[in-house]
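Q: structure, please.
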Amino acid sequence: PRLKNKEYMLHIGAQPMIGPERIGSHAGIIAHLDNQPALLCQIDEMGKFLATCKDPKKSPHLYNVTTVMMQLYSSSKSLWVSDAYADTKRTKTIDQPHLVVYGTAAPDSFWSNLSSENISDGLIGRLMAFEGRGYEVEMQEPAALPIPESILEPLRWWIEFKPGGGNLGGQHPVPRVIPHTPEARARFMGHIKAINEKRRTEDPLRAALWSRSAEKVGKLALIHSCSRTYCLPETITFEDVDWGIRVVNWMTRRILMQCQDHVSENDVEARAKRILQIIGNRRMSQNEITRKTQWMRPREREDY
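A: This next block holds a predicted model:
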């Protein structure tokens, strides 16, 4: 998928929007967005990246990356101003930053490198995590086929779309507002009320994940309507909103389940959860457990 994304963008003349595939610091992100406010960064081994970002002692230059990403997310419809320096020329102001991070990782690597702080501070609530089917997909014989015009044509339309018009359309876009149909609005508002009720009864970490559910539904419904029409849609329909709600509800429940199984407060809890994942629902002998937990010291194994 990462290769295809780049191939499509090259074909439609969107090469400047192809961002770096490795992030060296939060300052690097800011510099690239200052040059190109709409950017796609495709990162492989996202789990390892998150692991380095959460330890300020090992990687101080990466510790602020996730903080900057969250700020950019919240400022996508406004101005974002970077750190204050004595040299004011180093302070960047980015108009409506649009940073898309497409990260891929092995499931265990991704979930185990999240922390409870990532949940409480809102990082996980801003992510959309989709789980693949692993190696269940059958191998297919590759064929060198041209990219279908049915894919390239709508992509060209969107890359040429400059909301606001005029010479400043590319520098200061004026977002188009797509109205909801009455049925779509009622479905959306009903979802917002249901989420607010759910948050009142959930613990803080679970409530933090549900708190951005409605925002993600709104984004997905808009994307769905734009994909359905291949251009600027007239309205967001009930089907668009209902699809977004079903996707977000499913996704949030999966994230909650995976965080419960993998995310830990400390190393002791992390090792305990890793052992539980190895054992699962099976009955295992002591010898088998020993073979599968060679990374533990004998005394630690006895304690657990």
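Q: what comes into contact with stretch 3-21?
A: Contacts to stretch 3-21, defined as Cβ atoms under 8 Å, 6 or more residues apart in numbering, come from residues 2, 28, 32, 36, 38-44, 99, 102, 147, 151-152, 155-156, 159. Glycine gets a C-beta too; all of them are placed from N, C-alpha and C.
Q: averaged pLDDT, that stretch. What do you get?
A: The pLDDT scores in stretch 3-21 average 93.
Q: also stretch 125-143?
A: Regarding stretch 125-143, the rounded mean pLDDT is 82.
Q: ends of it, what's the gap?
A: For stretch 125-143, the first and last residues are 39 Å from each other (Cα to Cα, to the nearest Å).
Q: any idea how far that stretch is from the middle of the chain?
A: Computed by Cα atoms, centre = their mean, to the nearest Å, the separation of stretch 125-143 from the middle of its chain amounts to 16 Å.
Q: show me what counts as buried in that stretch.
A: Along stretch 125-143, the positions that meet the burial threshold by neighbour count (16 or more other Cβ atoms under 10 Å) are 125, 126, 127, 129.
Q: contacts only, for the first one.
A: Each residue near residue 125 by Cβ under 8 Å, 6+ apart is listed here: 119, 208, 209, 211, 212.
Q: just those residues: which are in strands?
A: For those, not one is inside strands, with DSSP state E as the criterion.
Q: so for those residues, which is the shakiest by pLDDT?
A: In terms of pLDDT, the least confident member of the contacts of residue 125 is residue 119, at 79.
Q: isn't it right up against residue 210?
A: No: no contact is recorded between residue 119 and residue 210 when judged using Cβ atoms under 8 Å, the distance being 11.1 Å.
Q: what segments of this protein are strands?
A: In the chain, strands defined by DSSP E lie at 38-44, 79-81, 93-95, 98-104, listed in chain order.
Q: pull up the distance across stretch 283-302, start to finish.
A: With Cα to Cα as the measure, the first residue of stretch 283-302 is 17 Å from its last.
Q: what about that stretch, distance to the chain center?
A: Here stretch 283-302 shows a centroid-to-chain-centroid distance of 36 Å under the convention Cα atoms, centre = their mean.
Q: for stretch 149-157, same thing?
A: Computed by Cα atoms, centre = their mean, the chain-centroid distance of stretch 149-157 equals 25 Å.
Q: for residue 243, give me its contacts.
A: With contacts defined as Cβ under 8 Å, 6+ apart, the neighbours of residue 243 are 220, 221, 224.
Q: just give the nearest non-adjacent residue to the first one, would you?
A: Yep, that's residue 220 we're talking about. Taking Cβ to Cβ, 6 or more residues apart in numbering, and ignoring the residues beside it in sequence, residue 220 has residue 244 as its nearest neighbour in space, at 3.6 Å.
Q: from residue 175, how far off is that neighbour?
A: Distance from residue 244 to residue 175, counting by Cβ to Cβ, to the nearest Å: 18 Å.
Q: thanks a lot, catch you later.
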